[in-house]
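Undergrad: Below: sequence and its predicted model.
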Amino acid sequence: MSIYGEIILDHYHYPRNYKKLEKSTGKVHVDNPLCGDSIDLAIYDKDGTIRDIGFIGQGCAISLASASLLTEYAKGKSEAEIKKIDSNFVLGLLHIELSPNRIKCALLPWEGLMKLVKS
Amino acid sequence: MLDLKKDFPIFHTHPDLIYLDSAATSLKPQSVIDKLHEYYTDFTANIHRGIYKNAEKATEEYEETRKVVAKFINANRLEEIVFTRGTTEGINLVASTIGLDSIERGDEIVVSRMEHHSNFVPWQQLAFQTGADYKIIDLNDKYELAVTNYENGKLSLDLSGVITKKTRIMALTLVSNTLGTINPLKEIIAEAKKINPNIITVVDAAQAVPHMKVDVQQLGCDFLAFSGHKMLGPTGVGVLFGRFELLDKMSPYQYGGDMIRQVKIEATTFNDVPHKFEAGTPHIAGVIALKESIRYLQNIGFEAIRRHEQDLIKYALQALSHEFSDEVMRYGPQDTGHMGGIVTFSFKGLHPHDIVQILDEENIAVRAGHHCTMPLHDLLGVPATTRASFYIYNNENDVDKLIVGLKKAVKILK
């Protein structure tokens, strides 16, 4: 089965929260020099809740769709809830089976988000 | 067109496989697999020193490969053939023996922008270690070495400022694993030695030896390294050619069994070349089977191989530009006569990993990434490219399938 299903392609072609935040409380850059995936992620946090989140960057469909899905999920959640997200949860958002080589693409935005909420 | 898929059992297992990644590793013909199998089932024994029949048979088969390789690349003497794990080890051997022993602060090491990391990082690190200057030959807009220029097919070279009296080592690839560019190393080596007769020349021939006649005496190089697995042979075995006068004077690479003549508590004397550089039990089966891959290639002949690959890349380049015109960006020489069987490209706005993932859904094996040439990709301005590489078992149908797969990928991702 193709990993380029409806959800991935929708979020790749029309990424949610693909924007630079005007006002942010935390920013992080994550990249994978091996394949050139590169994502800048920012959050605006008030009273422990992620009020706004945005990302910009370039990469493969998997990493960009993952960033879109993850930011969509994270918006409005408390930092405590976000901290609980593990890699399996992120892969679940994508609704596809990934080969080991592509899992790192899918997890790149999550690595960034974890750095933001844990710092 | 050559029609050889029948000799490669992987196509029996996967009849639908379109294998376009031979620059990474080649497929193996039945004769090579049989030879590996024969060593493990019929005459397993360690080589050298054994006095029983199987040990003598294994030693004879192992040393027979040395003769076949020496003749294959036209080495002057048998002792100039050192078996290694592969090209990478061959280059590291040179860097960490004669390289480390002879380079001094202020000397120069010259490589090029298109080197595979295995012919880039060992020299870069040697330069850091010794305080030598690390100089890079850049590329021109034809994806060829900037020191070369072809006018009406006639080559002229300008090595001034690149090779100097201080240049100690020049390490270059004969064929680029990313661009496919064939570098005129015979001429470059001759010119470099004219400027500085003391220069040590090292050739990365990993992408050349499987595809074209390589003659070390004609090239005039001091060292040349290649791998078995890219030329139909086993993984984990390679060859380092070195000029006898140099090998003979060089310090050992690794210490251990087989590389010694006599060991006493107070001192060790080393074995003669090439054994001095073959410490420990080598990949005996791999070396033994390597000669079968050479025989297979020689039976076809390099003229036929080269013609086959040229026909395929011309067909592929034409199909690519016909189907995708300016959507596709190709990286490599315009003159296919200067190219090996490698076609590297990218689609504007599409990530190579997505493209090859969709190709994989059609059982088309193509590589995406930096192909171990990150400094080159810095110059190309992209982190990754898509590479289709061809060999003797490919045919026009493989190219047709690739084009259909690419059209599907573009349709999904655009």
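TA: Noted; the coordinates are in hand.

Undergrad: So what's the residue count around the closest residue to residue B:138 other than its chain neighbours?
TA: Leaving aside its sequence neighbours, residue B:138 sits nearest to residue B:146 (Cβ to Cβ, 6 or more residues apart in numbering or on different chains; 4.7 Å). C-beta: built from backbone N, CA, C; applies to glycine. Per other Cβ atoms under 10 Å in any protein chain shown, the neighbour tally for residue B:146 reads 16.

Undergrad: so residue B:146 touches residue B:140, yeah?
TA: Yes. Residue B:146 lies in contact with residue B:140 (Cβ atoms under 8 Å); the separation is 4.9 Å.

Undergrad: And the residue nearest to residue B:138, how far from chain A?
TA: 25 Å (Cβ to the nearest Cβ, to the nearest Å).

Undergrad: Look at the residue of chain A found nearest chain B and say how many residues are nearby.
TA: With Cβ to the nearest Cβ, the shortest gap between chain A and chain B falls at residue A:36, namely 2.4 Å. Using other Cβ under 10 Å, residue A:36 has 20 other residues around it.

Undergrad: Ok, the one 4 residues further on next?
TA: Burial of residue A:40, expressed as a neighbour count using other Cβ under 10 Å, amounts to 16.

Undergrad: Now do the same contact list for the residue nearest to residue B:138.
TA: Residue B:146 sits next to B:137, B:138, B:139, B:140 when contact means Cβ atoms under 8 Å, 6 or more residues apart in numbering or on different chains.

Undergrad: Now a ChimeraX select for only the buried ones of those.
TA: Selecting only the buried entries of the contacts of residue B:146 in ChimeraX, with 16 or more other Cβ atoms under 10 Å in any protein chain shown as the criterion:
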select /B:137,139
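
Undergrad: Quick one: mark the members of the contacts of residue B:146 that sit in helices.
TA: With DSSP state H as the criterion, helices contain none of the contacts of residue B:146.

Undergrad: all helices for the chain, in order.
TA: Just going to use chain A. A:6-13, A:61-74, A:79-83, A:87-94, A:100-118.

Undergrad: Chain B, not that one
TA: Going by DSSP H, chain B shows helices at B:10-13, B:30-42, B:53-72, B:87-94, B:100-102, B:121-130, B:185-195, B:216-219, B:244-249, B:284-300, B:302-324, B:352-361, B:374-380, B:396-413.

Undergrad: The first one - what's its average pLDDT?
TA: The average pLDDT within helix B:10-13 is 98.

Undergrad: which of the residues in it are buried?
TA: For helix B:10-13, by 16+ other Cβ under 10 Å, it's residue B:11.

Undergrad: Please tell me I have it right and residue B:403 contacts residue B:320.
TA: Yes. Residue B:403 is within contact range of residue B:320, at 7.3 Å (criterion: Cβ under 8 Å).

Undergrad: Those two: which is more packed in?
TA: residue B:320 (20 against 16).

Undergrad: The more buried one touches residue B:346, doesn't it?
TA: No. Using Cβ under 8 Å, residue B:320 makes no contact with residue B:346, being 11.3 Å away.

Undergrad: Find residues that contact each of these two.
TA: Contact criterion Cβ under 8 Å, 6+ apart; residues shared by residue B:320 and residue B:346: residue B:328.

Undergrad: related to what we said a few turns ago, most tightly surrounded among the helices of chain A?
TA: helix A:61-74 (a mean of 26; mean count of other Cβ atoms under 10 Å in any protein chain shown).

Undergrad: what's that helix packed up against?
TA: helix A:6-13, strand A:37-46, strand A:49-58, helix A:87-94, helix A:100-118, helix B:352-361 (3 or more Cβ pairs under 8 Å, 6 or more residues apart in numbering or on different chains; DSSP states H and E).

Undergrad: can the fourth one be found next to chain B?
TA: Put plainly, it is helix A:87-94. No. Counting by Cβ under 8 Å from any Cβ of the partner chain, chain B has no neighbours in helix A:87-94; the shortest distance is 13.5 Å.

Undergrad: for the fifth one, same thing?
TA: Yes. Counting by Cβ under 8 Å from any Cβ, chain B has neighbours in helix A:100-118: A:102, A:105.

Undergrad: who touches residue 105 in this structure?
TA: I went with chain A, as the question did not name one. Each residue near residue A:105 by Cβ under 8 Å, 6+ apart is listed here: A:32, A:35, A:37, A:59, A:60, A:62, A:63, A:66, A:98, B:353.

Undergrad: um, chain B though
TA: Neighbour list for residue B:105: B:130, B:131, B:132 [criterion: Cβ under 8 Å, 6+ apart].

Undergrad: now the last one, nearest residue through space, not along the chain?
TA: When you say that, I think you mean residue B:132. Distance criterion Cβ to Cβ, 6+ apart; nearest residue to residue B:132, sequence neighbours excluded, is residue B:107 at 4.6 Å.
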